[in-house]
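Undergrad: After the sequence you'll find the predicted model.
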Amino acid sequence: MGFLDLVDFLCQKYVVDRSHAFVEYNPNLPPSLEGARAGYYDGLLSYRETRGESQFLITVFTVSRDPLLTLAHEFVHIVRDMKAGTMGKRLSPPNDEVEKEIDAQALKDLSDFRALRVHQ
């Protein structure tokens with residue numbers, strides 16, 4: 001039960017073209033949080049457009065306490081950004097209210113993924 005299985009599950013659930021979603025497990029130190037809060041990012045989402053096609057790169061840093069949850073969290077950002085048409089926005093200080101909503105959805109997605117894997 002790894003990163004790619006979870007990406008496949010999330011792409012299918014949210015109808016995201018799998019060929020446009022990439023994952024990197026990064027051993028480097030993550031950047032510090034933007035704004036006044038101390039800490040660092042467990043994961044980051046990058047966006048680019050190539051030949052008119054959207055591509056997303058989810059970077060999960062090895063310091064993440066729960067890498068699969070971090071992956072699910074960043075994927076929820078993809079879905080929200082696609083719906084809002086805000087792909088490619090700049091890194092900004094975390095919005096606690098939005099991040100709590102994203103965390104809740106990521107926890108549900110990860111739970112659904114794990115439940116599905118148990119029944120296979």
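TA: Perfect, I can see it now.

Undergrad: Need the residue closest to the centroid of this structure.
TA: Nearest residue to the geometric centre of the chain (C-alpha atoms, centre = their mean): residue 74, 1.5 Å.

Undergrad: Spell out which helix or strand contains it, please.
TA: helix 67-84 (DSSP states H and E).

Undergrad: contact partners of that helix?
TA: Residues from elsewhere that reach helix 67-84 (C-beta atoms under 8 Å, 6 or more residues apart in numbering): 1, 3, 6-7, 10, 14, 16, 21, 23, 25, 42-45, 47, 54, 56, 58-61, 64, 86-87, 89, 102-103, 105-107, 109-110, 113. C-beta: built from backbone N, CA, C; applies to glycine.

Undergrad: among those, which ones are buried?
TA: 6-7, 10, 16, 21, 23, 25, 42-45, 47, 54, 56, 58-61, 64, 87, 102, 105-106, 109-110, 113 (16 or more other C-beta atoms under 10 Å).

Undergrad: Okay, and which of these map to strands?
TA: 21, 23, 25, 43-45, 47, 54, 56, 58-61 (DSSP state E).

Undergrad: what's the angle between the lowest-mean-pLDDT helix or strand in the chain and strand 21-26?
TA: Among the helices and strands of the chain, strand 43-50 carries the lowest confidence by mean pLDDT, DSSP states H and E, at a mean of 84. Strand 43-50 and strand 21-26 are oriented at 140 degrees to each other (axes from the mean of the first three to the mean of the last three C-alpha atoms, to 10 degrees).

Undergrad: Start and end of stretch 55-70, how far apart?
TA: Counting by C-alpha to C-alpha, to the nearest Å, you get 19 Å between the two ends of stretch 55-70.

Undergrad: That stretch - what's its average pLDDT?
TA: Averaging pLDDT along stretch 55-70 yields 91.

Undergrad: any idea how far that stretch is from the chain center?
TA: Centroid separation for stretch 55-70 versus its chain: 7 Å, with C-alpha atoms, centre = their mean, to the nearest Å.
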